[in-house]
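Engineer: For reference, the sequence and a predicted model appear below.
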Amino acid sequence: MNDYYDDEEHLGPSKTQRKREMHALQELGRQLTELKESQLASIELPEEVLTAVREMQRIRQNEAKRRHLQFIGKLMRNVDGERVAADIDAIKSAGTLSVQRQHLIEQWRDRLLSDNDALSEFISQYPEVDIQHLRQLVRLAQKEQSQQKAPAHARKLFRYLRDTLAARD
């Protein structure tokens, strides 16, 4: 008879705790719906969550919004909530635009140096780029990396990417 109460600690989180966690995930989903598309793209999320968040922007009725937020909260169960919360906080902090742009540039630079397909992808997204100059910078930066030299050309590549992205704005 007392065995039932002794095993309570092994039953897992209480219903109240599970509800708190679900409301926290739903709140994270709500915060995701308030982000701009470019900010949303900087957060690593499953495609189904991204689709649901984008869908939320089309919904106008309050009750439909509430139900859709519950759905987003359900999808968020498969996501690392702490990491997403940290990403949202970073986006909302002061100076996020410049930091976000810098991260994008760093990602492009790193991809260009490690992935041969990234060059054609960058060129397709930024057709105004000087292809010959970009290839030369990538080639010299890769050579630096392989010889374990100071990253002078990698810095030049970073500056060139920064200027290219800034010219588009």
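Structural biologist: The structure has been received and is ready for your questions.
Engineer: End to end on stretch 42-51, go ahead and measure it.
Structural biologist: Stretch 42-51 has its terminal residues 15 Å apart, counting by C-alpha to C-alpha, to the nearest Å.
Engineer: residues in contact with Glu106?
Structural biologist: Under the criterion of C-beta atoms under 8 Å, 6 or more residues apart in numbering, the neighbours of Glu106 are Phe158. For every residue, glycine as well, the C-beta is placed using N, CA and C.
Engineer: Quick check: it vs Lys65, distance?
Structural biologist: Separation of Glu106 from Lys65 (C-beta to C-beta, to the nearest Å): 36 Å.
Engineer: same thing with Glu27?
Structural biologist: 14 Å.
Engineer: Need the per-residue pLDDT for Gln100.
Structural biologist: Gln100 carries a pLDDT value of 75.
Engineer: Next: Glu8.
Structural biologist: On the pLDDT scale, Glu8 gets 53.
Engineer: do Leu140 as well
Structural biologist: If you check Leu140, the pLDDT there is 93.
Engineer: export the one helix or strand it maps to as PDB, just CAs?
Structural biologist: Element membership of Leu140 [criterion: DSSP states H and E] is helix 131-146. Extracted C-alpha coordinates of helix 131-146, given in PDB (Å, rounded to 0.1, in the frame of the first residue of the first chain):
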ATOM      1  CA  ILE A 131      34.100  36.700 -59.600                       C
ATOM      2  CA  GLN A 132      37.800  36.700 -60.500                       C
ATOM      3  CA  HIS A 133      38.800  38.800 -57.500                       C
ATOM      4  CA  LEU A 134      36.600  36.600 -55.200                       C
ATOM      5  CA  ARG A 135      38.200  33.400 -56.500                       C
ATOM      6  CA  GLN A 136      41.600  34.800 -56.100                       C
ATOM      7  CA  LEU A 137      40.900  35.800 -52.500                       C
ATOM      8  CA  VAL A 138      39.400  32.400 -51.700                       C
ATOM      9  CA  ARG A 139      42.400  30.500 -53.300                       C
ATOM     10  CA  LEU A 140      45.000  32.600 -51.400                       C
ATOM     11  CA  ALA A 141      43.100  32.300 -48.100                       C
ATOM     12  CA  GLN A 142      42.900  28.500 -48.600                       C
ATOM     13  CA  LYS A 143      46.600  28.400 -49.300                       C
ATOM     14  CA  GLU A 144      47.200  30.300 -46.100                       C
ATOM     15  CA  GLN A 145      45.200  27.900 -44.100                       C
ATOM     16  CA  SER A 146      46.900  24.900 -45.500                       C
END
